[in-house]
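Asks: need the 3D shape of this:
(chains A and B)
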There are 2 protein chains.
Amino acid sequence: MTMSSTLQTAQINLPKDFIDLGRGDPGLDLLPLGLLRDAAAHRLNHSDNEILQYGAERGDGYFRDALAKFLSIRYGFSVSRDDLFVTSGISAGLDLLCTLLTKPGDTILVEEPSYFLALQIFADHGLNVVSINTDESGLVVEDLIRALKESRPKFLYVIPTFQNPSGHTLSQERRDEIVNLAKKHGFLILADEVYHLLSYTQTPPVSFGTYIDSEHVVSLGSFSKILAPGLRLGWLHAHPALIQRLSTCGLLNSGGGMNPFTSAVVRSLIEKGDLDKNIAHLIDMYSKRMQSTERSLRTHLRAAEFSTPHGGYFFWVRLPGINAGELREKAQEYRVGLRQGLLFSSQNGLSDFFRLSISFYDVNEIEQGIMRLKKCIDEK
Amino acid sequence: MTMSSTLQTAQINLPKDFIDLGRGDPGLDLLPLGLLRDAAAHRLNHSDNEILQYGAERGDGYFRDALAKFLSIRYGFSVSRDDLFVTSGISAGLDLLCTLLTKPGDTILVEEPSYFLALQIFADHGLNVVSINTDESGLVVEDLIRALKESRPKFLYVIPTFQNPSGHTLSQERRDEIVNLAKKHGFLILADEVYHLLSYTQTPPVSFGTYIDSEHVVSLGSFSKILAPGLRLGWLHAHPALIQRLSTCGLLNSGGGMNPFTSAVVRSLIEKGDLDKNIAHLIDMYSKRMQSTERSLRTHLRAAEFSTPHGGYFFWVRLPGINAGELREKAQEYRVGLRQGLLFSSQNGLSDFFRLSISFYDVNEIEQGIMRLKKCIDEK
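Replies: Reported below is the predicted structural model:
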């Protein structure tokens, strides 16, 4: 007899009384099923059935047009639909770029620390990952210059704004320097800007999309954090020449555009102004959680070193002298979770750091989780 | 000033008076927008918002359960949800398998002829393609044995039922032999069964899913031909060990399951019995087109050599002495299209063959197209 898998819908499935402060997905209360219901009803009543056909490789033109208008206002510079390519999320965009632009053994550069699941995508493609140190202003340019003396990377993967896991934002000055280095050394910058639109206390520098004319920059955006991850919908913002290259690959020629049905529904949602409303609501909720989490950390975890980020999801906490991997194991008994720093390191380091997220739990649950963590540390 | 791209929704966008008999996508009249509208309304009114969360890597358990029940009845043997992995279409499934199971330079085997856009996916992964001849009963086993003496392929890509482009079906006897060879030589069989459920005049052998216990067979299925390609929804049917391998890759760990939102909607459609109804309607329409196209070919293209397939989309037509590539060029003037045999060849051959499809146009348009083709040939 075969064991049957559980009838699970979501990726993460925890016992009700467990508080996993490490998880970086939006809470169920922040997923706007009603907006999607209205948008689906609108689109499926008002479209012809062309949206069910194999879609244009770069994505539905009407959807790209709505997205371009939305981004132009949000970014503060003009975004053309010709510079947008629809993906089924940033992970799928990264995967496609790896398939088409790299081969196993090629070197790529990432930040130290960086998003651990992007690192796994690069590993699946057999890439040789070299990491560049970061500080409170993001990637350290001197370290990048040093790395460029020793290797010819295919691309640099960077999360410039409200970074995962550090929460830091790359300064404007460094952005300019890094783009110049990309032009000089002939590598591509893949800027994962998934948190860019979630700013609470300080407006970050403009999107990396501002640099696409250089032909050395791709900005990757997503609806996962501003609407819902289950949609599997995102975009690449890049020079039309690169978009043309992506649009003529086997995957897209065979299957057509990545997500025509869902993008048609989301087009209605954008055009109705509901995406703007949803982001305003998220910013309101998340900025309150950010303040409250800061207070809880200062109150309950006095030894914790961290700076409160100006946007995004993550607190990057250091507890000097404490191994966060061991803490994570022990914390299971206290029904609280975290993500140890080691996960985000390409240098087998950062062992006394861990990541906490404000995305999933409300302010009371987060405080409850932090108090459990304190108890775990005290009794250690 | 930059030229702006057209506001195009679908992948193929032809002038109204052009009849492209080569195109292999379903006609707009066969795309059931109403069924999707009802299913979306049902699911979005009755689900909680967990369907908007990052989804379980192998796909929503409830959707896999509904799909397993549907396939068990259709296939005539028991399919478990544990043997199913949800994809965003067969192309995405093939792409993932190539990323995880191959590296550039690896040899794979395909049929001669084979689906040209799958060949492009393999080329994007740098694979070395060796083709095996086929006849009216599919892959020629002696040729496969010969190829296995000279190479150790990672996999054999085969379209066993109502093949694209030949329309032929692999015999039961040869299926058994090929599976035995896969076990003996340690390669995987990737069976693209996209046309399996569209049988009109003869029931094909059971799905390759019947062989998954061998751990050497993956059956790839899709909603593109039985519901709508714009959904980007399909499945892999394979041994749980392989599904486990796929489910732990970077792409899935990062983004979660491939298409949670759409699969939740389609779950309602399956559970309501609407998928069965839709397939019955398609079989009714397509079988009439098949008969009528056969008549038109016999009436207007007397020199054409072909056998009428028992299911699927394609007539594979030979016009001895005529170069189908040149015919295709000339036929543009007559506002009629076809796909020349060369496209489907890995041996730079099949130049006097071409593919006609019954999927997009109704019986009158198909006859009109064939008459245009006749005129083009006569005036050549």
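Asks: and A:N253, how far from chain B?
Replies: 5 Å (Cβ to the nearest Cβ, to the nearest Å). In short, each C-beta sits where N, CA and C put it, glycine included.
Asks: spatially nearest residue to that residue (excluding sequence neighbours)?
Replies: B:L117 (5.2 Å; Cβ to Cβ, 6 or more residues apart in numbering or on different chains).
Asks: next secondary structure after the host helix or strand of the one you found?
Replies: Element membership for B:L117 (DSSP states H and E) is helix B:116-124. Using DSSP H and E, the next helix or strand after helix B:116-124 towards the C-terminus is strand B:128-135.
Asks: state the next helix or strand along the chain beyond that following strand.
Replies: Next in sequence after strand B:128-135, counting helices and strands by DSSP H and E, comes strand B:138-139.
Asks: now do the helix holding B:L117: which elements does it pack against?
Replies: For helix B:116-124, the packing partners by 3 or more Cβ pairs under 8 Å, 6 or more residues apart in numbering or on different chains; DSSP states H and E come out as helix A:250-255, helix B:90-101, strand B:107-112, strand B:128-135.
Asks: returning to what we had before: neighbours around the residue nearest to A:N253, how many?
Replies: Counted with other Cβ atoms under 10 Å in any protein chain shown, residues neighbouring B:L117 total 18.
Asks: now swap in A:G76 and tell me
Replies: So A:G76, with other Cβ under 10 Å, has 11 neighbours.
Asks: over to A:H237?
Replies: A:H237 has 27 neighbouring residues, counting by other Cβ under 10 Å.
Asks: quick one: it and A:S219 touch, right?
Replies: Yes: using Cβ atoms under 8 Å, A:H237 is in contact with A:S219, at 4.1 Å.
Asks: overlap in contacts, these two.
Replies: A:S207, A:G209, A:I212 (Cβ atoms under 8 Å, 6 or more residues apart in numbering or on different chains).
Asks: how deep is the residue nearest to the last one when sequence neighbours are not counted tucked in, by neighbour count?
Replies: Same thing as A:I212. Distances taken as Cβ to Cβ, 6+ apart place A:H239 nearest to A:I212, at 4.9 Å, with adjacent residues excluded. Number of residues near A:H239 (other Cβ under 10 Å) recorded here: 18.
Asks: what residues are up against A:R232?
Replies: Applying Cβ under 8 Å, 6+ apart, the residues near A:R232 are A:S88, A:G89, A:A92, A:N259, A:T262, B:S88, B:G255, B:G256, B:M258, B:N259, B:P260, B:F261.
Asks: no, scratch that, I was asking about A:D20
Replies: Counted by Cβ under 8 Å, 6+ apart, A:D20 has contacts A:I12, A:L14, A:V336, A:G337, A:L338, A:F360.
Asks: what do you get for A:I19?
Replies: A:R335, A:V336, A:G337, A:Y361, A:E365, A:I366, A:Q368, A:G369, A:R372.
Asks: who wins for most neighbours among the residues you listed?
Replies: A:G369 leads the contacts of A:I19 on contacts (other Cβ under 10 Å) with 26 neighbours.
Asks: tell me the contacts of that residue?
Replies: A:I19, A:L21, A:V336, A:Y361.
Asks: what about it, which SS state?
Replies: When classified by DSSP: H, G, I helix; E, B strand; the rest coil, A:G369 comes out as helix.
Asks: and stretch A:340-347, how far apart are its ends?
Replies: 14 Å (Cα to Cα, to the nearest Å).
Asks: just give me how far it sits from the chain centre.
Replies: Stretch A:340-347 has its C-alpha centroid displaced from the chain centroid by 17 Å (Cα atoms, centre = their mean, to the nearest Å).
Asks: show me what that stretch is in contact with.
Replies: For stretch A:340-347, the surrounding residues in contact (Cβ under 8 Å, 6+ apart) are A:110, A:112-116, A:119, A:129-131, A:165, A:324-325, A:327-328, A:348-355.
Asks: do stretch A:202-214 as well
Replies: With Cβ under 8 Å, 6+ apart, stretch A:202-214 has contacts from A:71, A:75-77, A:79, A:83, A:160-162, A:169-172, A:175, A:179, A:182-183, A:189, A:191, A:193, A:196, A:217-219, A:237-239, A:310-311.
Asks: okay, that stretch in PDB with CA atoms only?
Replies: Extracted in PDB, the C-alpha atoms of stretch A:202-214 (Å, rounded to 0.1, in the frame of the first residue of the first chain):
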ATOM      1  CA  GLN A 202      11.800  56.100   3.200                       C
ATOM      2  CA  THR A 203      11.500  56.200  -0.600                       C
ATOM      3  CA  PRO A 204      14.200  54.100  -2.100                       C
ATOM      4  CA  PRO A 205      16.200  55.100  -5.200                       C
ATOM      5  CA  VAL A 206      14.300  54.600  -8.500                       C
ATOM      6  CA  SER A 207      13.900  51.100 -10.000                       C
ATOM      7  CA  PHE A 208      16.800  49.600 -11.800                       C
ATOM      8  CA  GLY A 209      14.500  49.800 -14.800                       C
ATOM      9  CA  THR A 210      15.800  53.300 -15.200                       C
ATOM     10  CA  TYR A 211      19.100  51.700 -16.600                       C
ATOM     11  CA  ILE A 212      17.700  49.400 -19.200                       C
ATOM     12  CA  ASP A 213      18.900  51.600 -22.100                       C
ATOM     13  CA  SER A 214      22.400  50.400 -21.100                       C
END
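Asks: picking up where we left off before, identify, from the contacts of A:R232, the entry nearest to A:G34.
Replies: For the contacts of A:R232, the closest approach to A:G34 (Cβ to Cβ) belongs to B:F261, at 14.3 Å.
Asks: pretty sure the closest one is touching A:G230, no?
Replies: Yes: at 4.9 Å, B:F261 counts as touching A:G230 under the criterion of Cβ under 8 Å.
Asks: got the domain ranges for chain A?
Replies: A:19-32+A:276-378, A:35-274 (automatic domain parsing).
Asks: distance to B:C376 added to these, as JSON lines?
Replies: What follows is the domains of chain A, written out as JSON lines (distance: least, Cβ to Cβ, whole Å):
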{"stretch": "domain A:19-32+A:276-378", "distance to B:C376": "54"}
{"stretch": "domain A:35-274", "distance to B:C376": "26"}
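Asks: could you identify the most distant pair in the contacts of A:I19?
Replies: Largest pairwise distance in these, by Cβ to Cβ, is 13.9 Å, between A:R335 and A:I366.
Asks: about what we covered before: which among the shared contacts of A:H237 and A:S219 gets closest to chain B?
Replies: A:I212 (12.0 Å; Cβ to the nearest Cβ).
Asks: A helix includes that closest one, no?
Replies: Yes: checked against three-state DSSP, A:I212 lies within a helix.
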